[in-house]
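Visitor: Test case, fold it:
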Amino acid sequence: MSGRVVVRPRARTRFLAAGVALFTGLLVAAPVVQPAGASPVRAASSAQAGRAGSLAKKPKGSVGGTIQNALLGFAAQKLAGFAFSKIGLGDLLGDSTGDQLTALQGQINTLSTQVTALGTDVKQIDDELSALKVTTISVPLTHTVTNITTLYKTFYVPALEDLATYVTEYLKVGGAAGCTNPSPCYTDQQDYISAQDSFSSQFKNGAAASYNQDIHDSLVGSKDTSIMSAFAAYVAKHGNGFLTSATTDTIRTFYSYWANWEALAAWMKAQWQSTNLKEGQFDAFVKDEIEGYYDAEQVALGQPIPANTVIVLPADSTLRTDDTTQLPMWGFNSAGGIQSSYWLPSRNDVGVPKVINQMNTTAAGYGLKDWTVPSRAELDALLSRGTAGQTARQFIASLNAGPQWPVLDNFLGTMPYIWTTQEAGTPSSTNSPAVQCFWFNSATGSKHIIKTYTGYVHTAVGPVTNSLSGYPASYQNNNRPMPYYVDSFGKIQNLEYIDLSNSTDQSAGHCDAIMNDAVNRAFSSGATLYATLLATRNTGDVNYLP
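Guide: Predicted coordinates for the structure are as follows:
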């Protein structure tokens, strides 16, 4: 790396520690040196205020850490946002109150913590890179980070320290009149000029100008060159086979580490560019390498997985990739509450259908518009992934897909069945029979089926308190509710069939009347009406991984 380290001829009091002086442009527009004797120029003009572009509107804190967000914020101010620009220096030196300098010192302390945090993250990142086994990507990338660190500590921080010392002395002596040669202020000014020149030489004669692009290219590269794609594939293959919003957090934390190093490199490059580019050229640099790089990286990251949802990857880990398209997703929203616990066969405006509609038309669906009630086959594909030592309730709770998942667990505790689209009697089973209405011809011994009823209520799978070791046999389709009648002894009996052999009315209408009465009894009782709704959908063409 070319350039030189400035040797200072005399000791001075510095209010910026080497590890503290990160961004001299924060909250206050800061400086390139102004010749002694020149009049400070106020930078806070309406023209400068109009320079703030779309970056100022970007959501701060949504992705990336403080370093990246600070870069975005100050890039919006264009030249006025960077410490070594003439516009910034005029603003800083022209503030006789010293308020901007004071604000600057407070912000430097805050951001220095972020640089320190990047250093503490190195062990974890090294472990993750080692696990990835992508040396063709990771080795050059870590080498770039080392170069950025050297540029920052050896050249950028000293220049900032000398700048701070110069500005402090300049304000102390009352401005340009007290900063002529010879004077301590003039000496401080020359030290800053020398340090800034040493910093700039790293870009003119070295590779420093490419550091931010090197990292950016790795973040948005192809499948073979992107560190994010490699990390996403690793997370998919080595996880438990279920992706949640926590997966998004893990991936974006990994991204944030590299993005903050990129931001630090871009910040220092912008400081250099602010001294040698005209305003229009600098604006183009901001648009291309700060705003443009940021936007491209957000696209490459993929959409975040909404809280309270879970994406199910193939059970065979060798089939998992960093592609989540066309995979099942499950979601829960407690907004429907008890509404979703019942389901009338002939009503679409209450109960389960109402809640599904709410999820598909309001924020209750997390911005997704195609939630449905699961089929038995879809529910089987989910529950069969649990271990033999778990119940279905325990397995679902272990997915821990978001803050509403404990609410789902509570629902399964009070309503230990999960709704399916399968209607009663299809197929016919003990807990969900296809109800035949018939009569016997005693003379011939033959059975005459008048009518068979299916779909008279909906079914739910459970109970979820059964062990999954017996799955699926121990998880039958259960009528919710089970139609019943009261026999001649006054005892409640489940309606499994209707025998009209001894009836004088063996018509289909009589069968209907008995069936309707049995169903209405069940719904009016409320005793066995309830089940829990766990909605599902397909991810379609959306990839939630980089």
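
Visitor: switch to C-alpha atoms for all contacts and neighbour counts from now on
Guide: Will do.

Visitor: which residues of this protein fall in strands?
Guide: 242-243, 309-312, 328-331, 418-423, 435-441, 446-453, 458-462, 476-480, 484-486, 492-494, 497-499, 535-538 (DSSP state E).

Visitor: Adding distance to D505, mean neighbour count and mean pLDDT as columns, could you present those in JSON lines?
Guide: Conversion of the strands of the chain to JSON lines gives the following (distance: least, CA to CA, whole Å; neighbours: other CA atoms under 10 Å; pLDDT from 0 to 100):
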{"stretch": "strand 242-243", "distance to D505": "57", "mean neighbour count": "20", "mean pLDDT": "97"}
{"stretch": "strand 309-312", "distance to D505": "53", "mean neighbour count": "24", "mean pLDDT": "98"}
{"stretch": "strand 328-331", "distance to D505": "49", "mean neighbour count": "22", "mean pLDDT": "98"}
{"stretch": "strand 418-423", "distance to D505": "28", "mean neighbour count": "23", "mean pLDDT": "94"}
{"stretch": "strand 435-441", "distance to D505": "10", "mean neighbour count": "18", "mean pLDDT": "96"}
{"stretch": "strand 446-453", "distance to D505": "12", "mean neighbour count": "14", "mean pLDDT": "96"}
{"stretch": "strand 458-462", "distance to D505": "29", "mean neighbour count": "26", "mean pLDDT": "94"}
{"stretch": "strand 476-480", "distance to D505": "28", "mean neighbour count": "26", "mean pLDDT": "93"}
{"stretch": "strand 484-486", "distance to D505": "18", "mean neighbour count": "17", "mean pLDDT": "91"}
{"stretch": "strand 492-494", "distance to D505": "22", "mean neighbour count": "12", "mean pLDDT": "91"}
{"stretch": "strand 497-499", "distance to D505": "11", "mean neighbour count": "16", "mean pLDDT": "95"}
{"stretch": "strand 535-538", "distance to D505": "44", "mean neighbour count": "21", "mean pLDDT": "97"}
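
Visitor: Make CSV out of those strands and add distance to D121.
Guide: As requested, the strands of the chain are exported to CSV (distance: least, CA to CA, whole Å):
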stretch, distance to D121
strand 242-243, 24
strand 309-312, 28
strand 328-331, 32
strand 418-423, 43
strand 435-441, 65
strand 446-453, 64
strand 458-462, 45
strand 476-480, 50
strand 484-486, 64
strand 492-494, 63
strand 497-499, 68
strand 535-538, 36
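
Visitor: Y152 is nearest to which of those?
Guide: Shortest distance between Y152 and these, using CA to CA, is found for strand 242-243: 37.5 Å.

Visitor: in terms of contact, does L495 touch Y484 like I think?
Guide: Yes. With contact defined as CA atoms under 8 Å, L495 reaches Y484; the gap is 4.7 Å.

Visitor: list residues touching both of these two?
Guide: Common contact partners of L495 and Y484 (CA atoms under 8 Å, 6 or more residues apart in numbering): A518.

Visitor: about what we covered before: right, so of the strands of the chain, which gets closest to S346?
Guide: For S346, the closest of these is strand 458-462, at 10.5 Å, according to CA to CA.

Visitor: so what strands line up beside that closest one?
Guide: strand 418-423 (antiparallel), strand 476-480 (antiparallel) (DSSP bridges).

Visitor: got TSV for those, with distance to R393 too?
Guide: Below are the strands paired with strand 458-462 laid out as TSV (distance: least, CA to CA, whole Å):
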stretch	distance to R393
strand 418-423	10
strand 476-480	15
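
Visitor: so which of the ones you listed gets nearest H143?
Guide: strand 418-423 (52.8 Å).

Visitor: which residues are contacting that closest one?
Guide: Strand 418-423 has contacts (CA under 8 Å, 6+ apart) with 373-376, 379, 412, 454-462, 464, 531-534.

Visitor: residues touching L468, list them.
Guide: L468 neighbours (CA under 8 Å, 6+ apart): 383-384, 386-392, 474.

Visitor: do the same with T454
Guide: Contacts of T454 by CA under 8 Å, 6+ apart are 423-426, 433-435.

Visitor: from what I can see Y211 touches T150, true?
Guide: No. Between Y211 and T150 there is no contact under CA under 8 Å: 11.8 Å.

Visitor: Who has more neighbours out of these two?
Guide: Y211 (22 against 13; other CA atoms under 10 Å).
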